[in-house]
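Peer 1: next comes the sequence, and after it the predicted model I'd like to discuss.
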Amino acid sequence: MNAVLSPFAHPDMVDAFSIESEPGEADMTDLVNDGAVFLVNLPMTKYGREGARFAYLLVKLRFMNMMRERRTRQDWNQDRPVAFVCDEYQAIVDPISDTDFWDKSRSTRTIGIVSMQGVASLVHALGNNRSVAEAILQNFRQRIIFRTEDEATLRHIRDVLGQVDVHVTSTGYSASESETISGAGAFGGKQMSLSASESESENTSIQRQDLFGANDMRSLSADYCLFVGNVGDRAVDEVLTVKPLYV
C-alpha cells in the first residue's frame, strides 16, 4: 500500500487527486459530448517512475469506465467517435483492464491509437504473459511497423503474414571437348579426331518462404514502414513511404 500511495505525496499529485482540487474535477464526458481534448503529460523525472505510472493508470481506468458507461447514458452523445492516443503504451498497459476494454471498444465508438517499442516490450510489461499480449494485439487490426531488430516483433509479422509459394528456377550449362590421336594412318601419319558437346538444363521448383522476412525488415530505411491491416473488407499488407511531420 505504501508503495502505491507514497508517489502521490508530491504537492501536484495531492492537488490533482484530492477532493478540493483547485482547478476542480475534470469532466471526461466532455470527450463524448463536446469533442474536448484531454492531454495527460506526467514527466517521470518530476513525479518519479511509479508516481507517473500510477497516475496514468488511474486516468486510463477512468476513461475506460466512462466509455463503458456510454451506451447506458442516453443523455450523452452516442455518435461522436472518441480517440485514445498513447505513446509508449507498454508503460501503462495492464493484463486486466486492457484485455477487457479493447475487445468491446468498437461498440462504444472508441478508437485506440497506441505506439510501443515492440512486441517484446509489451510481453515484458505484462509479466511475460505472451497469451495476454496476443489478446491485446489482436484488437488493433491496423499496424504500422518501422524497422526493428526485435525478434518477437519479427515473429509476430511472420505469424500474421504467413508464407507464400515461390517458384525458384535454376539453370545449368555445360560444355566439353575431347581430342583423340590414334596410330598411323594409311599414309603413315597419325590419325586425329576431335569431338565437342554442350548442354543446357532448366529446373523449376516451388518453395515456401516468408512473405516478409527479417532481411526485408532490416532493409527498410527510416522513410519506409510496413503496413499490416485492413482496407474496407480486404486484408492489406504493403510497404509504405513515409515522411516525418514536425508540428
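Peer 2: That came through, no problem. Numbers count the residues shown, from 1 in each chain.
Peer 1: could you list the domains of the protein?
Peer 2: Domains of the chain are assigned by automatic domain parsing as 2-140, 167-204.
Peer 1: can you lay out those domains as TSV showing distance to A152 and mean neighbour count?
Peer 2: In short, each C-beta sits where N, CA and C put it, glycine included. Listed next are these as TSV, based on distance: least, C-beta to C-beta, whole Å; neighbours: other C-beta atoms under 10 Å:
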stretch	distance to A152	mean neighbour count
domain 2-140	4	14
domain 167-204	29	9
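Peer 1: hey, least reliable of these by pLDDT?
Peer 2: Lowest mean pLDDT of the domains of the chain: domain 167-204, a mean of 76.
Peer 1: ok, back up a step: of the domains of the chain, which is nearest V236?
Peer 2: V236 lies closest to domain 2-140 among the domains of the chain, at 14.9 Å (C-beta to C-beta).
Peer 1: what sits against F146?
Peer 2: 220, 222, 225-226 (C-beta atoms under 8 Å, 6 or more residues apart in numbering).
Peer 1: for these, which single residue is the most surrounded?
Peer 2: The most crowded member of the contacts of F146, judged by other C-beta atoms under 10 Å, is L226 (20 neighbours).
Peer 1: do a quick rundown of the helices in this protein.
Peer 2: With DSSP state H as the criterion, the chain has helices at 2-5, 11-17, 30-33, 44-47, 49-69, 97-101, 119-125, 130-137, 151-161, 214-218.
Peer 1: could you redo those helices as JSON lines and give each row distance to N230?
Peer 2: Listed next are the helices of the chain as JSON lines, based on distance: least, C-beta to C-beta, whole Å:
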{"stretch": "helix 2-5", "distance to N230": "40"}
{"stretch": "helix 11-17", "distance to N230": "39"}
{"stretch": "helix 30-33", "distance to N230": "26"}
{"stretch": "helix 44-47", "distance to N230": "35"}
{"stretch": "helix 49-69", "distance to N230": "23"}
{"stretch": "helix 97-101", "distance to N230": "21"}
{"stretch": "helix 119-125", "distance to N230": "19"}
{"stretch": "helix 130-137", "distance to N230": "15"}
{"stretch": "helix 151-161", "distance to N230": "12"}
{"stretch": "helix 214-218", "distance to N230": "21"}
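Peer 1: ok so, going back, same list (the domains of the chain) but as a markdown table, adding distance to G232.
Peer 2: Output for the domains of the chain, formatted as a markdown table (distance: least, C-beta to C-beta, whole Å):
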| stretch | distance to G232 |
| --- | --- |
| domain 2-140 | 16 |
| domain 167-204 | 30 |
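Peer 1: returning to that earlier point: to R80, which of the helices of the chain lies closest?
Peer 2: With C-beta to C-beta, the closest approach to R80 among those belongs to helix 30-33: 5.7 Å.
Peer 1: other SSEs contacting the closest one?
Peer 2: Judged by 3 or more C-beta pairs under 8 Å, 6 or more residues apart in numbering; DSSP states H and E, helix 30-33 is in contact with helix 49-69.
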